[in-house]
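Colleague: Here is my input; please provide its structure:
(chains A and B)
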Amino acid sequence: MKTEQNLPISERRKFFLTIARSTGLAILGGLTWSAYVSEVKATSLILRPPGALAEDDFLATCIKCGMCVEACPFDTLKLARPGDNKPLGTPFFIPREIPCYMCTDIPCVPVCPTKALDIKSVQNEEKKLDISKAQMGVAVIDDSSCIAFWGIQCDACYRACPLLGNAITIDYSKNERTGKHAFLKPVVHTDVCTGCGLCEKACVTQKAAIFVLPRDIALGKVGDHYVQGWNKKDEKRVENATSNTTKTKISKDSAVDSLNNDSDMEDLLK
Amino acid sequence: MIKKYRFLIARRITQISIMVLYVIANVYGINILMGNLSSSLLLKTIPLSDPYAVLQMFFAGAVISFDILLGALFITIFYMIIGGRAFCSWVCPVNMITDLANYLRRKFGFNLIQKKQPASRNIRYWVIVISFVISFFMGLAAFELVSPISMVHRGIIFGLGFGWATMLVIFLFDLFVLKNGWCGHICPLGGFYSLVGRFSLIRVHHNAPNCTACMKCKEVCPESQVLHMVTKTSMPVLSGECTNCGRCIEVCDDNALNFSIKNLKKENENEVR
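Modeller: Residues are numbered from 1 along each chain as shown, chains lettered A, B, ... in the order given. Next up, the predicted model:
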């Protein structure tokens, strides 16, 4: 009597079983691996060095060599280590600890061997380096914890801003509570702000009331449907506008027909 | 005595001095070798890049810059023509961790209680394929994001974080789970250099008449399957999986193994005939 162990397995069967086993293991490993990768990729609250490509392209292009980190004279940039909960080995900075001091020669960008830090994005029209073109993030103010919004005089962020008077301006208004003082409220201009974080570093509150967020998180997007009609430049956006008509149960007839049609009205009343 | 460890000492010196060069570039700004093993700049002019990482970036759809391409080419040509898989035993810092695990395995006799190796050494080639597939679909260099090798060298140069845990995992895995588990079975970078270094010139040669079949070389070799010719035929170790670490040459008491250059050796043999 043959037990299972004694049964000879044909070469053919062995071949197919081996193939099946390898494929199964490869799928197991591949799925686990890609699940991890997609989890890590989802970390979006991260500030990149100046000139960084859009986050998806940046993650694909950065080779994680740390040359930008070595070039930074202020030790602003760090490479994500295990435990930082950020895509491993990619450069980032935390403004409240060390902000970007916006060096005029931008040492961190030209050293990048992969062009994940794109020098063209920090050059002006004359092909000269211009750090004020950088878009690392954008400063956001929490007006409930900003003491200037309480009426206490503070312009720390305004004074710290390297684009003083352009990226942050002070809005003066009357303090009705006292009747004789002024509010000196800081206002961030998102088209100018580079996200260097010097304001966040300078903020006097326990946890900064002004802080830098990645631009695609902090900023909205109008779309092509609302245009500043008084602004010639902005009107050009209409050219890209697309129309999109939605059909619902009610809108299948024209408005007049819909109101005059008894059955449709009954539908509405139900 | 030192002759018994001459290659081991030379390897540790190269491994450590490469790391020291990177560290002094980062900490003191002495820029002989900037960057890390993923990509670096030698003497502020010559780019050097990890060709496996660049391949993954290519599959991820990144635009490959000229510097990176050139750097990857330099490294590929060096290992393809000269070094073989020497990266693994002469440069990679993980080698020091796995060598230690392997040494303890031999000393404590773990190899005696676990003789069968349950995993195939071809896993690494599958890992390469999977890494390319994931890079393609996820749009980023998949292995670079999980690579313990990068965690270790980046950790040494830029700060470790929880990287020590990775080191410990590899150490314990190699010590208790699988002999030569990481470097000899799983690591796709090792697999990549096995493929690249297949036809390189520097080879270990076996001289069968001198061999007394003591098998010390096979015991110490991290890729012992490449020494299949030992005691049988005089020939070079042709498998790309040989890391050119030279441990077999050191432990051989009978001068049956030696480094030499592949084609030069062949020519000499022809002249003798």
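
Colleague: Could you use CA atoms for every contact and neighbour count after this?
Modeller: Noted.

Colleague: Close to chain A: what parts of chain B are there?
Modeller: B:25-26, B:29, B:34-40, B:53-54, B:57, B:60-65, B:67-68, B:126, B:130, B:134, B:138-142, B:145-146, B:151, B:154-155, B:158-163 (CA under 8 Å from any CA of the partner chain).

Colleague: again, only this time at 7 Å
Modeller: B:26, B:34-36, B:38-40, B:57, B:60, B:62-65, B:67-68, B:130, B:134, B:139-142, B:145, B:158, B:160-163 (CA under 7 Å from any CA of the partner chain).

Colleague: ok, for the residue in the stretch 101-250 of chain A positioned nearest to chain B, nearest residue in space, not its chain neighbours?
Modeller: Closest residue of the stretch 101-250 of chain A to chain B, CA to the nearest CA: A:Thr114 (5.2 Å). In this structure, A:Thr114 finds its nearest non-sequential neighbour in B:Ser65, 5.2 Å apart by CA to CA, 6 or more residues apart in numbering or on different chains.

Colleague: any low-confidence regions in the chain?
Modeller: Using chain A. Residue ranges of chain A with pLDDT under 70: A:1-7, A:44, A:250-253, A:255, A:257-270.

Colleague: think we crossed wires, I meant chain B
Modeller: The model of chain B has pLDDT under 70 over residues B:262-273.

Colleague: and if we set it to 80?
Modeller: Low-confidence segments of chain B, defined by pLDDT under 80: B:1-3, B:29, B:109-119, B:159-161, B:163, B:261-273.

Colleague: Point to the residue nearest the middle of it.
Modeller: For chain B, the residue nearest the mean C-alpha position is B:Cys88 (1.3 Å; CA atoms, centre = their mean).

Colleague: How many neighbouring residues does residue 78 have?
Modeller: Since no chain was named, I'll use chain A. 21 (other CA atoms under 10 Å in any protein chain shown).

Colleague: The chain in question should be chain B.
Modeller: Around B:Phe78 there are 16 residues (other CA under 10 Å).

Colleague: following the longest helix along chain A, which helix or strand shows up next?
Modeller: What stands out as the longest helix in chain A, according to DSSP state H, is helix A:11-41. Using DSSP states H and E, the helix or strand that follows helix A:11-41 in sequence is helix A:55-61.

Colleague: Need the nearest residue in space to the residue of chain B found nearest chain A, chain neighbours excluded.
Modeller: Residue of chain B nearest chain A, by CA to the nearest CA: B:Leu140 (4.1 Å). Nearest residue to B:Leu140 in three dimensions, chain neighbours excluded: A:Ala60, at 4.1 Å (CA to CA, 6+ apart).

Colleague: Assign a three-state SS to the residue nearest to the centre of chain B, would you?
Modeller: helix (DSSP: H, G, I helix; E, B strand; the rest coil).

Colleague: Quick check, it in contact with B:Thr243.
Modeller: Yes. In this structure, B:Cys88 is within contact of B:Thr243 by CA atoms under 7 Å, at 6.2 Å.

Colleague: so what does the helix or strand containing B:Met19 touch, helix or strand wise?
Modeller: B:Met19 is part of helix B:6-27 when elements are defined by DSSP H and E. Helices and strands touching helix B:6-27, as assessed by 3 or more CA pairs under 7 Å, 6 or more residues apart in numbering or on different chains; DSSP states H and E, comprise strand B:33-36.

Colleague: residues of the strand it packs on that come out buried?
Modeller: B:Leu33, B:Met34, B:Gly35, B:Asn36 (16 or more other CA atoms under 10 Å in any protein chain shown).

Colleague: Now do the closest residue to A:Lys180 other than its chain neighbours against A:Gln153, distance only.
Modeller: Using CA to CA, 6+ apart and skipping the chain neighbours, the partner closest in space to A:Lys180 is A:Lys174 (7.6 Å). Distance, A:Lys174 to A:Gln153, using CA to CA, to the nearest Å: 13 Å.

Colleague: before we move on, what about A:Glu176?
Modeller: 15 Å.

Colleague: Repeat that for A:Ile27.
Modeller: 62 Å.

Colleague: what sits against residue 98?
Modeller: If you meant another chain, say so; for now it's chain A. Residues in contact with A:Ile98 (CA atoms under 7 Å, 6 or more residues apart in numbering or on different chains) are A:Thr76.

Colleague: wrong chain, I was asking about chain B
Modeller: B:Thr98 neighbours (CA under 7 Å, 6+ apart): B:Phe171, B:Asp174.

Colleague: closest to B:Met80 among the buried residues of strand B:33-36?
Modeller: Nearest to B:Met80 out of the buried residues of strand B:33-36 is B:Asn36 (CA to CA; 21.0 Å).

Colleague: which residues touch stretch B:4-12?
Modeller: B:Ser89, B:Trp90, B:Gly246, B:Arg247, B:Glu250, B:Val251.

Colleague: residue of chain A with the smallest distance to chain B?
Modeller: Counting by CA to the nearest CA, chain A gets nearest chain B through A:Ala60, at 4.1 Å.

Colleague: quick one: that residue and A:Pro99, what's the gap?
Modeller: Taken as CA to CA, the span from A:Ala60 to A:Pro99 is 25 Å.

Colleague: Just want to know which of those two has more residues nearby.
Modeller: A:Ala60 (25 against 22).

Colleague: Not counting its neighbours along the chain, what's nearest residue 196?
Modeller: I'll assume chain A. For A:Cys196, ignoring the flanking residues on the chain, the nearest one in space by CA to CA, 6+ apart is A:Cys100 at 4.8 Å.

Colleague: Switch to chain B, please.
Modeller: Nearest residue to B:Val196 in three dimensions, chain neighbours excluded: B:Met80, at 5.3 Å (CA to CA, 6+ apart).

Colleague: Can you get me a residue count around residue 171?
Modeller: All of this refers to chain A. By other CA under 10 Å, neighbour count at A:Asp171 equals 11.

Colleague: actually chain B
Modeller: 22.

Colleague: Show me what whichever helix or strand it is part of is packed up against.
Modeller: Per DSSP H and E: B:Phe171 is located in helix B:163-172. Where contact means 3+ CA pairs under 7 Å, 6+ apart, helix B:163-172 is packed against helix B:94-108, helix B:148-158.
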